[in-house]
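Enquirer: Quick one: sequence and predicted model below, then my questions.
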Amino acid sequence: MDGSRAALAREPLFWAGVAAFSGAVVGIFGTVRQADLGDSFYVDPAAQLLAQVPGFLGEALVMSSSLGAVYLSRNVLRGKRRRLALFGMVLLALLLLAEAVGVASSVYWSTGERWQGYASFPFPGLEVAASYAIAFLPPFVLLPFAALALAARERRLGGLLSLLLVLSVPFGAVRYWLFSPPEPTAMIETSTELLASVLGWYPTGVSLLEAPLWVLLGATFVRRARAGALGEAFRMGERENVAAARRLYEEGLGRGNVSVVDDLVSENFRDPKRGSRGRPGMERVFTDLWRSYPDLAVSMEGQEAQGDLVRTRVVLSGTDRGGVLWYPPTGRRVAFAAEFVDRFSGGQLVEHTGEADTEGLLRQLGLKEIHEVPPRSPDP
């Protein structure tokens with residue numbers, strides 16, 4: 001469990017999902033607060049700050065989460081698509097810079113006297129440029145990312161980003177520019193202003209229509225991240241099991257370090273072939289080989305992992321001092337192949353089976369294989 005959580009924290013898509021979730025919540029809070037203030041003439045600077053800053057931060061977070069599309073499209077980022085991704089990231093960087101200017105401007109304004117005396121931002125040109133960027137850049141940022149997702153056949157992701165692209169267009173600002181603005185004396189009712197702002201008619205951060213889509217996008221990223229993390233945790237577990245099996249046979253069997261058995265073998269260990277259980281059962285595997293070959297050497301030939309199983313191929317070499325099967329010791333030096341299949345659980349060995357090239361071993365010893373144990377002579 002800890003391994004899968006650590007793997008999840010390493011997944012870029014997980015953090016893209018977190019950015020989408022948190023940005024949607026923070027952004028919609030700022031949007032509602034800003035709409036609630038409306039065009040009030042007297043506004044407490046602290047209240048204005050509480051309305052504006054969440055809007056900037058929320059939009060910055062959700063727009064940053066769209067980088068998840070680049071990550072999912074990384075296998076097709078070649079040529080024009082690579083340049084398209086870089087173009088989108090440059091636009092995103094400009095938008096984030098504009099959001100930062102917006103936050104700085106809001107904080108600076110809030111330092112003025114309450115109710116009427118706001119402090120003027122020292123860089124008015126930058127402030128105006130940032131406001132235009134915040135209003136009109138989002139759809140241009142989302143366009144290349146949506147295109148990349150569709151090019152990578154991520155249709156669900158591409159569809160979500162395309163819909164968010166449409167909703168990010170500041171229709172109210174476009175209408176204001178294309179047509180004559182309303183009369184200065186015309187008053188907009190508070191309920192109408194609130195509805196227009198929350199639904200995204202004006203460029204005010206994350207709208208009520210956008211927020212659920214950003215949450216859905218975040219859920220998509222987190223789900224993909226969780227699948228990737230589980231796969232990574234699974235592969236990490238396989239690597240750890242392979243390393244444990246290698247240590248067991250190289251250090252334990254090959255170098256005679258019995259303490260490795262205590263470290264790596266579970267108390268619930270079983271050897272179905274020998275019918276033994278517990279750590280002494282695995283120690284018996286080692287001691288039987290050491291008894292037959294006191295100078296036993298182990299050469300690792302290969303390992304394969306499949307789930308909780310590890311298949312280890314070795315070459316064992318040594319001098320026959322203890323006898324093989326029911327044959328007496330020959331004193332000959334031999335080298336023969338063996339294969340061990342071990343099952344691990346929680347990093348510890350719980351089951352062991354093995355096979356050796358008995359035919360080749362007997363041939364080297366000048367003996368011939370007998371498939372049945374010869375009958376035991378009667379006691380006198």
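Expert: Cool, the structure landed. Numbers count the residues shown, from 1 in each chain.
Enquirer: going forward, measure contacts and count neighbours with C-alpha atoms only.
Expert: Fine.
Enquirer: Please identify the buried residues of the top strand by length along the chain?
Expert: In terms of residue count, the longest strand belonging to the chain (DSSP state E) is strand 333-345. Within strand 333-345, the residues that qualify as buried are 334-344, counting by 16 or more other Cα atoms under 10 Å.
Enquirer: so how far is Arg313 from Val341?
Expert: As for Val341, its distance to Arg313 is 9 Å (criterion: Cα to Cα, to the nearest Å).
Enquirer: so which two of the buried residues of strand 333-345 are the farthest from each other?
Expert: Val334 and Phe344 (30.6 Å; Cα to Cα).
Enquirer: Strands along the stretch 151-300 of the chain, start to end?
Expert: Applying DSSP state E, counting those that start in this stretch to the stretch 151-300 of the chain gives strands spanning 265-271, 276-277, 297-306.
Enquirer: Tell me which of the ones you listed sits nearest to Gly79.
Expert: strand 297-306 (37.5 Å).
Enquirer: where does this protein dip in pLDDT?
Expert: Along the chain, segments meeting pLDDT under 70 span 1-4, 38-43, 45, 112-120, 171-204, 369-380.
Enquirer: Repeat the analysis, applying 50 as the threshold.
Expert: Residue ranges of the chain with pLDDT under 50: 114-117, 180-190, 371-380.
Enquirer: domain assignment for this structure?
Expert: Following the assignment in automatic domain parsing, the chain carries domains at 2-233, 255-364.
Enquirer: so of the ones you listed, which one's packed in deepest?
Expert: domain 2-233 (a mean of 19; mean count of other Cα atoms under 10 Å).
Enquirer: CSV please, covering the strands of the stretch 151-300 of the chain and showing distance to Ala46.
Expert: Output for these, formatted as CSV (distance: least, Cα to Cα, whole Å):
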stretch, distance to Ala46
strand 265-271, 62
strand 276-277, 71
strand 297-306, 60
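Enquirer: With respect to Ala146, which of these lies nearest?
Expert: strand 297-306 (37.7 Å).
Enquirer: next helix or strand past that closest one?
Expert: Using DSSP states H and E, the helix or strand that follows strand 297-306 towards the C-terminus is strand 309-319.
Enquirer: Dump the C-alpha coordinates for that next one into CSV.
Expert: Taking C-alpha atoms only, strand 309-319 is exported to CSV below (Å, rounded to 0.1, in the frame of the first residue of the first chain):
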residue,chain,number,x,y,z
LEU,A,309,6.8,-15.6,-8.6
VAL,A,310,10.5,-15.4,-9.3
ARG,A,311,12.2,-18.0,-11.5
THR,A,312,15.9,-18.2,-10.9
ARG,A,313,18.3,-20.1,-13.1
VAL,A,314,21.7,-21.0,-11.6
VAL,A,315,24.7,-23.2,-12.2
LEU,A,316,25.9,-25.0,-9.1
SER,A,317,29.5,-26.3,-9.0
GLY,A,318,31.4,-28.2,-6.4
THR,A,319,33.1,-31.4,-5.3
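Enquirer: Which neighbouring elements make contact with that strand?
Expert: Packed against strand 309-319, as judged by 3 or more Cα pairs under 8 Å, 6 or more residues apart in numbering; DSSP states H and E, are the following elements: helix 210-247, strand 297-306, strand 333-345.
Enquirer: So what are the sheet partners of that strand and their directions?
Expert: strand 297-306 (antiparallel), strand 333-345 (antiparallel) (DSSP bridges).
Enquirer: and Val25, which of those is closest to it?
Expert: It's strand 333-345; of the strands paired with strand 309-319, that one is closest to Val25 (Cα to Cα) at 41.2 Å.
Enquirer: Give me the contacts around that closest one.
Expert: Strand 333-345 has contacts (Cα atoms under 8 Å, 6 or more residues apart in numbering) with 241, 245, 308-320, 349-358, 360-361, 364-365.
Enquirer: Between strand 265-271 and the next helix or strand after that strand, find me the angle.
Expert: Following strand 333-345 in sequence order, the next helix or strand is strand 348-356 (DSSP H and E). Counting by axes from the mean of the first three to the mean of the last three Cα atoms, to 10 degrees, strand 348-356 lies at 40 degrees to strand 265-271.
Enquirer: Going by contacts, tell me the helices and strands next to the next helix or strand after strand 348-356.
Expert: Next in sequence after strand 348-356, counting helices and strands by DSSP H and E, comes helix 358-364. Applying 3+ Cα pairs under 8 Å, 6+ apart, one finds that helix 358-364 contacts strand 333-345.
Enquirer: and the strand it packs on, C-alpha only, in PDB?
Expert: Extracted C-alpha coordinates of strand 333-345, given in PDB (Å, rounded to 0.1, in the frame of the first residue of the first chain):
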ATOM      1  CA  ARG A 333      34.000 -32.000  -9.300                       C
ATOM      2  CA  VAL A 334      30.800 -31.200 -11.100                       C
ATOM      3  CA  ALA A 335      28.800 -28.300 -12.500                       C
ATOM      4  CA  PHE A 336      25.100 -28.600 -13.200                       C
ATOM      5  CA  ALA A 337      22.100 -26.400 -13.900                       C
ATOM      6  CA  ALA A 338      19.300 -25.800 -11.500                       C
ATOM      7  CA  GLU A 339      16.100 -23.800 -11.500                       C
ATOM      8  CA  PHE A 340      14.300 -22.400  -8.500                       C
ATOM      9  CA  VAL A 341      10.800 -21.000  -8.400                       C
ATOM     10  CA  ASP A 342      10.000 -18.900  -5.400                       C
ATOM     11  CA  ARG A 343       6.800 -17.200  -4.300                       C
ATOM     12  CA  PHE A 344       7.100 -13.900  -2.300                       C
ATOM     13  CA  SER A 345       4.500 -12.100  -0.200                       C
END
